[in-house]
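Asks: Sequence and predicted structure, then a few things I'm wondering about:
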Amino acid sequence: MKKWLKASATLLLGASVLAACQPAEEEATKLHIGASNSPHADILEFVKPKLAEEGIELEISVFEDYVLPNRAVFEEESDANYFQHIPYLEESNRENGYDLVNAGSIHLEPLGAYSQRYDSLEELPDGADIFVSNNRPDHGRVIAMFEEAGLIEVDPDADLTQSSFDVITENPHNFNFDADYDSGLMVTLYREDEADVVFINSNFAVETGIDVLEESIALESKATPYVNILAVKSGRENDPHIKRLVEELQSQEVADYILETWKGAVLPVGQEYTR
């Protein structure tokens with residue numbers, strides 16, 4: 001009996017030591033990401049399976065506005081968000097006292113001009129009504145398009161990424177820039193022909209079935225300051241899981257997916273879009 005007990009104790013001890021030496025199965029790391037519906041959430045869904053294989057589980061929440069995603073990251077309800085460009089992030093930080101930072105640049109979306117009445121900005125009549133969203137960082141984008149078309153003159157010292165329409169010094173055609181509308185309403189205003197021209201962000205255009213390259217009467221010629229980014233609370237940009245997410249979002253596989261899916265209406269960072 002003593003020999004049996006001794007043998008049993010030895011076996012149990014050996015099993016315990018063996019179990020202790022076995023590597024523990026790693027738990028999946030969950031990242032909660034807030035995103036606009038399209039193309040942002042679509043791109044996140046595309047990379048989700050590959051990251052899951054590596055133990056990074058993406059939990060994606062779709063937001064319908066531009067206010068809540070940054071608040072959620074600042075209050076640590078989300079680990080990151082993917083919906084905005086850098087000037088908007090800077091404006092949001094300044095207005096709300098946030099400390100969010102750019103963890104990585106992913107893609108570009110051209111702001112477009114749409115009209116049921118005219119085929120170009122140059123055709124707009126004197127006194128034309130121009131509807132622009134109340135998203136202030138986009139105002140400079142509209143101003144730049146009219147300036148490049150030779151239709152207005154702008155204060156040469158103005159930083160258009162942080163400017164509004166008061167930087168226009170010459171408006172010979174007396175265009176009426178009306179910037180009182182929520183970004184999500186711009187497609188409806190265009191389709192209901194409420195103005196001579198309506199400016200729409202490409203993410204809202206593509207998710208409502210608008211063919212950006214075919215329907216727009218003008219697109220931004222340059223969008224470098226307006227690259228869409230993954231934003232995190234300051235300090236989280238060095239988190240290895242966040243860095244891995246950014247790496248995957250910037251991969252050639254994702255670039256190919258973006259180009260194939262949106263046919264040039266959305267572009268991976270580093271590529272020019274053409275009409």
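Replies: Okay, I see it. Every value quoted in this text rests on a predicted model; they were computed, and no experiment measured them. Numbering: from 1, shown residues only.
Asks: how close does Ala113 sit to Pro240?
Replies: Going from Ala113 to Pro240 by Cβ to Cβ, to the nearest Å gives 42 Å. The C-beta positions use only the backbone N, C-alpha and C, and glycine is treated the same way.
Asks: what about those two, which has more around it?
Replies: Legend: neighbour count by other Cβ atoms under 10 Å for Ala113 and Pro240, higher for Ala113 (25 against 9).
Asks: which stretches of this protein form helices?
Replies: Secondary structure of the chain (DSSP state H): helices located at 2-21, 42-53, 68-74, 86-96, 139-148, 186-191, 202-207, 212-215, 240-249, 252-262.
Asks: Need the ones you listed in CSV (columns: distance to Ala158 and mean pLDDT).
Replies: As requested, those are exported to CSV (distance: least, Cβ to Cβ, whole Å; pLDDT from 0 to 100):
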stretch, distance to Ala158, mean pLDDT
helix 2-21, 66, 44
helix 42-53, 33, 98
helix 68-74, 25, 98
helix 86-96, 13, 94
helix 139-148, 8, 94
helix 186-191, 24, 97
helix 202-207, 24, 86
helix 212-215, 27, 92
helix 240-249, 32, 98
helix 252-262, 31, 95
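Asks: which of these sits most buried?
Replies: Using mean count of other Cβ atoms under 10 Å, the stretch among these with the greatest mean number of neighbours is helix 202-207 (a mean of 22).
Asks: what's the neighbour count on the closest residue to Phe146 other than its chain neighbours?
Replies: Closest residue to Phe146 in three dimensions, ignoring its sequence neighbours and counting by Cβ to Cβ, 6 or more residues apart in numbering: Ile152, at 4.7 Å. If you count neighbours by other Cβ under 10 Å, Ile152 ends up with 20.
Asks: and Ile152, what does it touch?
Replies: Listed by Cβ atoms under 8 Å, 6 or more residues apart in numbering, the contact partners of Ile152 are 143, 146, 168, 170-173, 175.
Asks: can you give me phi and psi for it?
Replies: Backbone torsions of Ile152, given as degrees, to the nearest 10, read phi -140, psi 170.
Asks: Quick check: it vs Leu230, distance?
Replies: The value you get for Ile152 to Leu230, if Cβ to Cβ is used, is 34 Å.
Asks: partners of the strand ranked longest in the chain, with directions?
Replies: Within the chain, and with DSSP state E defining each element, the longest strand by residue count is strand 100-108. Strands that pair with strand 100-108, judged by DSSP bridges, come out as strand 228-233 (antiparallel), strand 267-268 (antiparallel).
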